[in-house]
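A.B. asks: Show me how the following folds:
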Amino acid sequence: MRILFFDIGEIDYKGIEILSAVLKQKGHTVDLLLDPGFGKHYYLKLPILNKFISDSLLLKKAVSFNPDLIGMSIVTNNFQYFREFGLKLKEVMNVPIIVGGIHPTSVPEEVIKESWVDMLCIGDGEEATLELAEKLENKQDYTNVKNLWVKDKNGDVHKNTLRPLVKDLDMHPFPDRSIYGQYGALSRRIRFMTGRGCPHNCSFCVNSFRKNLYPEERYLRKRSVQNVISELEILKKEYKPKGIRFEDDVFVLDKKWFREFKEEYTKKIALPFHCYITPSGVNEEIIRDLKECGCASIAMGIQSGNEALRSRIMNRHYSNEKVITAAQIIRKASIRLYAEYMFGFPDESPENMHETFMLSEKVHAHNSWAGIFYPYPKVELTQYCIKHHYIDEKVYNDIITGKGSPHTQSLLNHLYKDEALKYKTILPLYSLSPRFIKFFLRKLLKYKYGWLYKLIYIFSIPLLEKREFFYRSIRLPIILFKTHKLLNIK
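C.D. replies: Predicted coordinates for the structure are as follows:
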C-alpha cells in the first residue's frame, strides 16, 4: 500500500510521525506532502509566499506519488485549509481520503458530511489505520473497522464502535521524523512526548472531551523511561538538537517515573529542555530536581487572575498566592518561566481582566503569552456558552468549520470582547517592559480597540519569544527551499 499524508504548517506533528512509523514497520510505503503554510496562516499572512509553494505544485507531487490512500490529521483552527485542499485533491485523484485528529473526533457527524471525506478516525489511530491499510491492500470490506466512520458506495455512513485505548505505548515504533525532516521542518529544539493524556479536567480544554470517550479506561498513559531515553539517544545522535521540548500537558506526575528519568537523562542525554507544569504541581523539591535534570524553561498555565472565575468557569482550583509562590520557586531555581494567560471567558468582566494584568506583575515571568478563549466543539465550557447565550447557531456553525483563532479574535457574543482583545495584546508586552513603558501601556488600555493595537501585536511578536522567533526565522527560508525542491517535479 502507498499511503500519503498531507499536513499544513512548519512544525512536525507527532500523530502523523507515529502513524508513518507503524505503517512502514508493516511494509507499507509512506510519504508526506507538506504545505508550510507561510502564505496562509503563519504569524503574518504573506500571500506572496504562495508563489513559491503553490497548490498546483502540491497537487502535482500528490499525483506523482500515486497513493492508494491519503490521510490528514486535523485540528479545529486548520479545518478550512484542509477542506480547501481536500476538495482540490478530489478533482485530480480518485483516491480515498481519511481524516483524523481532534476535530473529526469532536464533530464526526459534521466532518463526515464533507464531500471530500471518505472516512474518519475517532481517537487513537494506529491500530485502525493498520487494519484499514491491510483490508484495502487485500481488497476486503473495510466498512467495519473499529474507530472508523466509513462511507460506502451508496453514501451510507458506517459508524463503528471505539476500540480500547492503547495501554502500552512502548509497543509502537519510535515516531518517523524523517518525513518532516526532508522538508527542514524539525526545530533545533526537538519536540517530544513521553505520554498521552492529561490528569486535569480544565473546562476549556479538548482533553476534557476526549477523556469522556473512554469513561472506563485510564486516559493518561506514560511510556517507560527506557523507551523514552532510547529514542532520545537516537535523536541526539542523528539530529544533534540544541535542546528538547517536552510537549506533555503536565511533565512531572509520577515521582517514581521522574526519579528514574532524571538519573538516566542526566547520564545519557544531558540537553537543556523545556516542559509544562501547573501551579498546583510546583514545589521546591520538584523544581530542584527539574533544574538538576537540565530543565532550562517551564511554561505554566495561569489563565486568569480572578480566583472565583478560574474555579467556577475553568475548573482550575488554586489560589493566586499559590501562583505567585510557584513562580517565585521557579525563578529562584534560575529556570526561565513562561506564563500563559487567556482573556474573553464567559462571565469575565473588565475588572477580572485587570486582575489578570495585576497578577502578571507579581508573577514576573521571563515571558508571558496571552490568548483569547476559543470555544472548541463539545468541550464543557463551550456547552456553558451555548446554554448562557454566548454562542448562537451561527457562531457554533463558524466553530465547527474552524473559523476564528485563539490569537486574533473572540467568537463569543460577549459584551467585553474588545476589552479582552486589548488586554490580550498588551499583557505580553507589558510583562517585558521597563516601568516608564508600563505607565504608557496602562494608559493605552483606556483607548478603544483598533488599528493601533493590531500594529502593536505585529511588532511585538519578535519580542515575546526572541529565541523561538530567531529559530523560526532561520528555518523559514530553509523550509521554503527544501519544500520547493521536493515539489519541483519535472
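A.B. asks: And stretch 101-117, how far out from the chain middle?
C.D. replies: Here the centre of mass of C-alpha atoms in stretch 101-117, compared against the chain's by Cα atoms, centre = their mean, to the nearest Å, lies 18 Å away.
A.B. asks: residues in contact with that stretch?
C.D. replies: By Cβ atoms under 8 Å, 6 or more residues apart in numbering, the surrounding residues in contact with stretch 101-117 are 15, 72-76, 79, 83, 86-87, 89-90, 97-99, 119-123, 149, 151, 157, 159, 206, 209-210, 213, 376-378, 400, 402. (Each C-beta comes from the backbone N, C-alpha and C, glycine too.)
A.B. asks: worst-scoring helix or strand of this structure, pLDDT-wise?
C.D. replies: Least confident element among the helices and strands of the chain, by mean pLDDT, DSSP states H and E: helix 38-41 (a mean of 64).
A.B. asks: The contacts of stretch 101-117 in strands, which ones?
C.D. replies: Restricting those to those inside strands, with DSSP state E as the criterion, leaves 72-73, 97-99, 119-121, 149, 151, 157, 159.
A.B. asks: Pull out the buried residues from those.
C.D. replies: Using 16 or more other Cβ atoms under 10 Å as the burial test, the ones in strands among the contacts of stretch 101-117 include 72-73, 97-99, 119-121, 149, 151 as buried.
A.B. asks: okay if I get those as TSV plus distance to residue 65 and pLDDT?
C.D. replies: TSV is the format used below for those (distance: Cβ to Cβ, whole Å; pLDDT from 0 to 100):
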residue	distance to residue 65	pLDDT
72	15	98
73	18	96
97	14	98
98	16	98
99	18	98
119	20	98
120	22	98
121	21	98
149	26	98
151	23	97
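A.B. asks: Show me the two of these that sit farthest apart.
C.D. replies: Of all pairs drawn from these, the greatest distance, 19.0 Å, lies between 73 and 151 (Cβ to Cβ).
A.B. asks: what about this structure, any weak spots by pLDDT?
C.D. replies: Within the chain, the set of residues satisfying pLDDT under 70 comprises 39-50, 464-467, 489-490.
A.B. asks: domain assignment for it?
C.D. replies: Residue ranges for the domains of the chain, per automatic domain parsing: 2-167, 187-449.
A.B. asks: neighbours around residue 213, how many?
C.D. replies: A total of 15 residues lie near residue 213 under the criterion other Cβ atoms under 10 Å.
A.B. asks: how near is it to residue 112?
C.D. replies: 17 Å (Cβ to Cβ, to the nearest Å).
A.B. asks: Please apply the same query to residue 289.
C.D. replies: 47 Å.
A.B. asks: again, but for residue 52
C.D. replies: 34 Å.
A.B. asks: Over to residue 187?
C.D. replies: 34 Å.
A.B. asks: I'd like to check what contacts stretch 437-452. Which residues are they?
C.D. replies: So stretch 437-452 is in contact with 418-419, 421-423, 426, 429-430, 433, going by Cβ under 8 Å, 6+ apart.
A.B. asks: Name the member of these with the most neighbours.
C.D. replies: Neighbour count (other Cβ under 10 Å) singles out residue 423 as the most crowded of these, with 26 neighbours.
A.B. asks: Would you confirm that that one contacts residue 356?
C.D. replies: Yes. Contact criterion Cβ atoms under 8 Å: residue 423 and residue 356 qualify, at 6.9 Å.
A.B. asks: Need the overlap of contacts for the two.
C.D. replies: Common neighbours of residue 423 and residue 356 (criterion: Cβ under 8 Å, 6+ apart): residue 343.
A.B. asks: Buried by neighbour count: which residues of stretch 388-397 qualify?
C.D. replies: By neighbour count, and taking 16+ other Cβ under 10 Å as the criterion, the buried residues in stretch 388-397 are 390-391, 395-396.
A.B. asks: would you list the residues you listed in CSV and tack on secondary structure and distance to residue 164?
C.D. replies: Rendered in CSV, the data for the buried residues of stretch 388-397 read as follows (DSSP: H, G, I helix; E, B strand; the rest coil; distance: Cβ to Cβ, whole Å):
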residue, secondary structure, distance to residue 164
390, coil, 36
391, coil, 34
395, helix, 36
396, helix, 32
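A.B. asks: just the residues you listed now: which is nearest residue 322?
C.D. replies: The shortest approach to residue 322 among these belongs to residue 390, at 28.6 Å (Cβ to Cβ).
A.B. asks: residues contacting the closest one?
C.D. replies: 346, 375, 384, 412-414.
A.B. asks: which of those has the most neighbours?
C.D. replies: In terms of neighbours by other Cβ under 10 Å, these top out with residue 375 at 27 neighbours.
A.B. asks: excluding its backbone neighbours, what's nearest that one?
C.D. replies: What sits nearest to residue 375 in space, not counting adjacent residues and going by Cβ to Cβ, 6 or more residues apart in numbering, is residue 382, at 4.1 Å.
A.B. asks: would you turn the ones in strands among the contacts of stretch 101-117 into a markdown table with distance to residue 59?
C.D. replies: Compiled in a markdown table, the ones in strands among the contacts of stretch 101-117 are given as follows (distance: Cβ to Cβ, whole Å):
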| residue | distance to residue 59 |
| --- | --- |
| 72 | 15 |
| 73 | 20 |
| 97 | 14 |
| 98 | 18 |
| 99 | 18 |
| 119 | 21 |
| 120 | 22 |
| 121 | 24 |
| 149 | 26 |
| 151 | 23 |
| 157 | 27 |
| 159 | 31 |
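A.B. asks: what residue is smack in the middle of this protein?
C.D. replies: Compute the mean C-alpha point of the chain, and by Cα atoms, centre = their mean the closest residue is residue 75, 7.8 Å away.
A.B. asks: Distance of that residue relative to residue 125?
C.D. replies: 14 Å.
A.B. asks: go on, residue 300?
C.D. replies: With the distance defined as Cβ to Cβ, residue 300 ends up 31 Å from residue 125.
A.B. asks: And the two? Which one has more around it.
C.D. replies: In this view residue 300 and residue 125 are compared by other Cβ under 10 Å, and residue 125 has more residues nearby, 24 against 20.
A.B. asks: Lovely, talk soon.
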